[in-house]
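*Asks:* got a sequence here, can you model it:
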Amino acid sequence: MNNIVWKPQPKQIEFMSRNEYEVLYGGAAGGGKSDAIIVEALRQVDNPNYRAIIFRKTYPQCRELIIKSLRLYRRAFPKAKYNGSEHVWTFPSGAKIYFGSMPNSTSYLDYQGLSFSYIAFDELTHFTLEEYEYLISRNRADGEGLRVYIRATANPGGIGHGWVKERFITASEPGVPYEVKDSATDNDGNTIEVSRSRVFIPSSIFDNPALLANDPNYLGNLAMLPDAKKKALLYGDWDSYEGQVFTEWRNNPEGYKTQLGTHVIEPFNIPSSWKRYRTFDFGYSKPYAVQWWAVDYEGRAYLYRQLYGCTGEPNRGTKEQPKEIARKIREIENELENGNYITGIADPSIWDESRGKDGTVIRMFEEEGVYFEKGKNDRLSGKMQCHYRFSFDEDNRPMAYIFSNCKHFIRTIPALVYDDKNVEDVNTSQEDHDYDAMRYFFMANPLAPKEKPVYTPKQFNPLER
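*Replies:* Take a look at the predicted model:
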């Protein structure tokens, strides 16, 4: 008699055997991700104090997970009961596994006051960093003998692509843990050192022979997808994915010196005769972005310096006052610009009289000797200017280059995705501050779209042989 309910495949075993606090599993379609996080949730159901929750962005998206749990949990624990209205499994010990969702920007507050020893996110890139971090605060033990940890799965793309990539993909090599250290101070003033580890375990359809055996055609389905989708879903390519706004973007180190086939290049000394611009997008709780651009004699733009008000956590602002930002700008320009004239272009909102208790933000900048012109905030026209600038010409050169030391720009711009509702615009809940600053500059230096060559077929002459 065969009593095996579910048998993990080698890659799933690797994922489920990790001891790190946070583990991301997947990166491509068909790697057995959902099964793994559902079965992993069963690890502590013999403990009556155990509470677990498995998230998808919306409840309709939870249906597949629930169907899988109905198939697996009932066979493994025949006395366990599922409550469809509460979306919760209750096991004989009293342990519970919930299915949860966060369909809107404040849904995470529904979990205030709750606690879960095991928290899992299926398709983590559908969630914001704010949602993820808040649920980390709900990750704790409500009794003895409980292991507390977080697991997630993801494919490239989605609103959370940028922060997930930075947190798990670029932080360390696959399978190599990344340690995050910090400290806390107790009531007696003692410093307590704390650390958390996270790791990425990649998987793809090639790690799921059971799926390939059951449905050989699925590989063909992925292989015949459009190029960006194919790279993301078949191969787990985090630099190419569905919904990416700037598909033109290329960061090709082989072209850094030649400036061919890439937007990112090695820094060089900007000639004093080139026009220079400073562009600014204001932020307080979210990052602010200051960019310095130069334009050569052909109209080609170069981002050669930036100041980004970020704490080090993605999309987390430094909460600096406008005068503090202005002083930093002035210090940078006094030290490095050698008296070059710079045209400032800024977020139109800093002229809003309701911004700031000490008057408008622009007035506070001007009191510090930093001046701006009001930028044009036509979002769709600005986005098209970005496309024109990023497009490559017949010589394999774009009209905009980025110096390789502008790390935050290089991190955030290729991660931008489209808005689900306003489908022609960038999703504004992302880390889009460098994008906005870039738009103001490009709108002040607009390009006409490149004309595509028109092919005129030669008329057939039956007398010609």
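*Asks:* after the host helix or strand of Asn334, which helix or strand is next?
*Replies:* Per DSSP states H and E, Asn334 falls inside helix 322-336. Sequence order places strand 342-346 as the next helix or strand after helix 322-336, per DSSP H and E.
*Asks:* for the helix holding Asn334, which outside residues touch it?
*Replies:* Under the contact criterion C-beta atoms under 8 Å, 6 or more residues apart in numbering, helix 322-336 has outside partners 278, 280, 282, 288, 290, 305, 307, 309, 342, 350, 356, 361, 364-365, 367-370. Heads up, the C-betas are built off the backbone N, CA and C, glycines and all.
*Asks:* please pick the buried ones from those residues.
*Replies:* Using 16 or more other C-beta atoms under 10 Å as the burial test, those include 278, 280, 282, 288, 290, 305, 307, 309, 342, 350, 356, 361, 364-365, 368, 370 as buried.
*Asks:* quick check, nearest of the residues you listed to Leu42?
*Replies:* Nearest to Leu42 among the buried ones among the contacts of helix 322-336 is Gly309, at 44.4 Å by C-beta to C-beta.
*Asks:* direction included, what does the helix or strand hosting Trp293 pair against?
*Replies:* Taking DSSP H and E as the definition, Trp293 sits inside strand 289-295. Using DSSP bridges, the strands paired with strand 289-295 in its sheet are strand 275-281 (antiparallel), strand 301-308 (antiparallel).
*Asks:* next, the angle from the last one to helix 322-336.
*Replies:* With axes from the mean of the first three to the mean of the last three C-alpha atoms, to 10 degrees as the basis, strand 301-308 and helix 322-336 are set at 130 degrees to each other.
*Asks:* one step back: so which of the strands paired with strand 289-295 gets nearest Thr191?
*Replies:* When the strands paired with strand 289-295 are compared by C-beta to C-beta, strand 301-308 sits nearest Thr191, at 29.2 Å.
*Asks:* mean confidence (pLDDT) on the helix or strand containing Thr153, please.
*Replies:* Using DSSP H and E, the element containing Thr153 is strand 149-154. For strand 149-154, the mean per-residue pLDDT is 96.
*Asks:* using PDB, write out every CA atom in whatever helix or strand comes next after it.
*Replies:* Sequence-wise, the next helix or strand downstream of strand 149-154 (DSSP H and E) is helix 161-164. Coordinates of each C-alpha in helix 161-164 appear next as PDB, following Å, rounded to 0.1, in the frame of the first residue of the first chain:
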ATOM      1  CA  HIS A 161      10.000  43.300  -9.000                       C
ATOM      2  CA  GLY A 162      12.600  46.000  -8.100                       C
ATOM      3  CA  TRP A 163      12.700  45.500  -4.300                       C
ATOM      4  CA  VAL A 164      12.500  41.700  -4.500                       C
END
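*Asks:* run the chain-centre distance for the strand holding Trp293.
*Replies:* On the basis of C-alpha atoms, centre = their mean, to the nearest Å, strand 289-295 sits 23 Å off its chain's mean C-alpha point.
*Asks:* do stretch 292-302 as well
*Replies:* Distance, centroid of stretch 292-302 to centroid of chain: 29 Å (C-alpha atoms, centre = their mean).
*Asks:* report the buried residues of that stretch.
*Replies:* 292-295, 300-302.
*Asks:* in contact with Ala171: list those residues for me.
*Replies:* Ala171 touches 178, 198, counting by C-beta under 8 Å, 6+ apart.
*Asks:* and it, which helix or strand is it part of?
*Replies:* Using DSSP H and E, no helix or strand contains Ala171.
*Asks:* please report phi then psi for it.
*Replies:* Recorded main-chain torsions at Ala171 are phi -70, psi -30, according to degrees, to the nearest 10.
*Asks:* next one: Arg51
*Replies:* Dihedral pair for Arg51: phi -130, psi 130, per degrees, to the nearest 10.
*Asks:* ok, now how distant is it from Gly27?
*Replies:* 29 Å (C-beta to C-beta, to the nearest Å).
*Asks:* quick one: which of the two has more around it?
*Replies:* Neighbours per residue (other C-beta atoms under 10 Å) separate Arg51 from Gly27, with Gly27 holding more: 27 against 24.
*Asks:* can you map out the strands along the stretch 151-300 of the chain?
*Replies:* Counting by DSSP state E, counting those that start in this stretch, the stretch 151-300 of the chain has strands at residues 178-185, 191-202, 264-265, 275-281, 289-295.
*Asks:* list the buried residues in stretch 48-63.
*Replies:* Buried residues in stretch 48-63, defined by neighbour count with 16+ other C-beta under 10 Å: 49-57, 62.
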